[in-house]
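Trainee: One predicted model, sequence on top.
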Amino acid sequence: MSADGEPNATNTLTGDPAMNEKPEEMQTDQPLPPASPERAVSPDSVDSEGEPRPESSTEGKQRIPSPPPVDLNSFDSEETDIDMNHQRIKEIVGFERFRRIKYLGLRWNQIRRIENVSMLRTLVHLELYDNHITKIENLDGLENLEILDLSFNKLTKIENLDALTKLKKLFLCANKIDKIENLDSLKDLEMLELGDNRIRVMENLSALKNLQQLYIGKNRIKKIEGLEGNPLLEILSLQSNRIATLTGLDAVPNLTQLYLSHNGIQKVENLEKNLKLQTLDIASNRIENDLGDLSHMKELEEWWFNGNKISSWKAVEDALKNCPRLSCVYLEMNPLADDPQYRLKLKLMFPKLTQIDATLTSGV
């Protein structure tokens, strides 16, 4: 892909980052149940602590045949976009002659070390997704780099990023990182992907004043905190963690999308400052009928609460009756969904709904 366009970067949605799109499993002509906006990576084993271990990026997917070998010497020295993905490359060598390079794709290789790239000062987008890299290093010369993808490697620490002062998007999902640190120099960072790591605490984010999207699902986080320095944050994904209560979200009043599925939340609360929310996902938690008062959410369009313990129609109506833009509701896999007139009642309660669970409402 050209560095001049939007990257085919990792996340999310699953693979993101067109982060405003639906998750990968939702990209279909027919609506499907809501899913995490981050890459869906199902564990098939556990690590030494008994925690899920990320699967290989190729497991569970149809194997893609390797492309024919590409001879690096076949590229003109004036080339700006070089794609060496899936070439079984073990070392980064031979790129120093490309003085105008903007995009370098080295996905799906066997690279163990970042080296011999610091002279590529015109580089804007570097893809090192799915290699065997154990350390972030040797990036000091890349002063124009805006996108760095190191997802699906073997990193244990965030480090050596100080020179990347123009970086806007950083992808580090599916590694073994246990701490958020060493990001203070990334003043222009707009998107940070840390999903599927071993992080326990939300910390050291305050320097990221321009951060707009934070993906930190599938970690070991128990508390939402540390967002006081991120007033521009619009998308926050914390699904598949260990969160039991909603706190700390008053620090991010510009949130438009909040993903909290697969946690241990029992009560909807402390969202009074989040007036701009358009998507609220608290699916697969432990919520019974304490749905809170969402009447201040005049922009709310999608409400995903499937897989909880909701049984009260009144609780649903009271929570959502003053949300004029509501168009999509997920309530399947709740006791309330066993009602034979479930869909009809929802449609009568909220006439503007265009989708209930995985089905459009035409004909209801």
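Mentor: That came in fine, so what should we check first?

Trainee: Around the nearest residue to residue 93 once chain neighbours are set aside, how many other residues sit close by?
Mentor: Distances taken as CB to CB, 6 or more residues apart in numbering place residue 116 nearest to residue 93, at 5.7 Å, with adjacent residues excluded. Every C-beta, even on glycine, is put in place using the N, C-alpha and C of the backbone. If you count neighbours by other CB atoms under 10 Å, residue 116 ends up with 14.

Trainee: now swap in the one 4 residues further on and tell me
Mentor: Counted with other CB under 10 Å, the burial measure for residue 120 works out to 24 neighbours.

Trainee: mind listing what the closest residue to it other than its chain neighbours touches?
Mentor: Nearest in space to residue 120, with sequence neighbours left out and distances taken as CB to CB, 6+ apart, is residue 101 at 5.6 Å. By CB atoms under 8 Å, 6 or more residues apart in numbering, the residues touching residue 101 are 79-82, 95, 120, 122-123.

Trainee: now residue 101: how far from residue 336?
Mentor: Computed as CB to CB, to the nearest Å, the residue 101 to residue 336 distance reads 57 Å.

Trainee: just residue 214 next, same as before
Mentor: From residue 214 over to residue 336 the distance is 32 Å, taken as CB to CB.

Trainee: what does residue 342 give?
Mentor: Distance from residue 342 to residue 336, by CB to CB: 7 Å.

Trainee: Quickly find the element holding the closest residue to residue 285 other than its chain neighbours.
Mentor: Distances taken as CB to CB, 6+ apart place residue 265 nearest to residue 285, at 4.1 Å, with adjacent residues excluded. When secondary structure is defined by DSSP states H and E, residue 265 falls outside every helix and strand.

Trainee: got the contact list for residue 265?
Mentor: Shown in contact with residue 265 (CB under 8 Å, 6+ apart): 243-246, 282, 285-287.

Trainee: swap in residue 216?
Mentor: 192, 194-195, 199, 202, 237-238, 241.

Trainee: Then residue 291?
Mentor: If a contact means CB under 8 Å, 6+ apart, then residue 291 has 268, 305, 310, 315-316, 318-319 as its contacts.

Trainee: Which of the contacts of residue 216 fall in strands?
Mentor: 192, 237 (DSSP state E).

Trainee: got the contacts of residue 216 as CSV, with pLDDT columns?
Mentor: Below are the contacts of residue 216 laid out as CSV (pLDDT from 0 to 100):
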residue, pLDDT
192, 99
194, 99
195, 99
199, 99
202, 99
237, 99
238, 99
241, 99
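
Trainee: returning to what we had before: which of residue 342 and residue 336 has more neighbours?
Mentor: Between residue 342 and residue 336, residue 336 has the larger neighbour count (other CB under 10 Å), namely 21 against 17.

Trainee: you'd agree the more buried one is in a helix?
Mentor: Yes. According to DSSP: H, G, I helix; E, B strand; the rest coil, the state of residue 336 is that of a helix.

Trainee: Tell me how far it lies from residue 155.
Mentor: Residue 336 is 44 Å from residue 155, by CB to CB.

Trainee: For residue 207, grab the count of nearby residues.
Mentor: By other CB under 10 Å, 15 other residues sit near residue 207.

Trainee: and the spatially closest residue to it that is not a sequence neighbour, how many neighbours?
Mentor: Nearest residue to residue 207, sequence neighbours excluded (CB to CB, 6+ apart): residue 184, at 4.1 Å. When neighbours are defined as other CB under 10 Å, residue 184 has 13 of them.

Trainee: Quick check: phi and psi at residue 184.
Mentor: phi -60, psi -30 (degrees, to the nearest 10).

Trainee: Spell out the residue ranges of the strands in the chain.
Mentor: Using DSSP E, strands in the chain cover 81-83, 103-105, 125-127, 147-149, 169-171, 191-193, 213-215, 235-237, 257-259, 279-281, 302-304, 328-330, 355-356, 359-360.

Trainee: could you dump those strands to a markdown table with distance to residue 272 and mean neighbour count?
Mentor: Below are the strands of the chain laid out as a markdown table (distance: least, CB to CB, whole Å; neighbours: other CB atoms under 10 Å):
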| stretch | distance to residue 272 | mean neighbour count |
| --- | --- | --- |
| strand 81-83 | 47 | 17 |
| strand 103-105 | 44 | 22 |
| strand 125-127 | 40 | 24 |
| strand 147-149 | 36 | 24 |
| strand 169-171 | 31 | 26 |
| strand 191-193 | 26 | 26 |
| strand 213-215 | 21 | 27 |
| strand 235-237 | 16 | 25 |
| strand 257-259 | 14 | 22 |
| strand 279-281 | 13 | 23 |
| strand 302-304 | 17 | 23 |
| strand 328-330 | 22 | 21 |
| strand 355-356 | 27 | 18 |
| strand 359-360 | 32 | 14 |
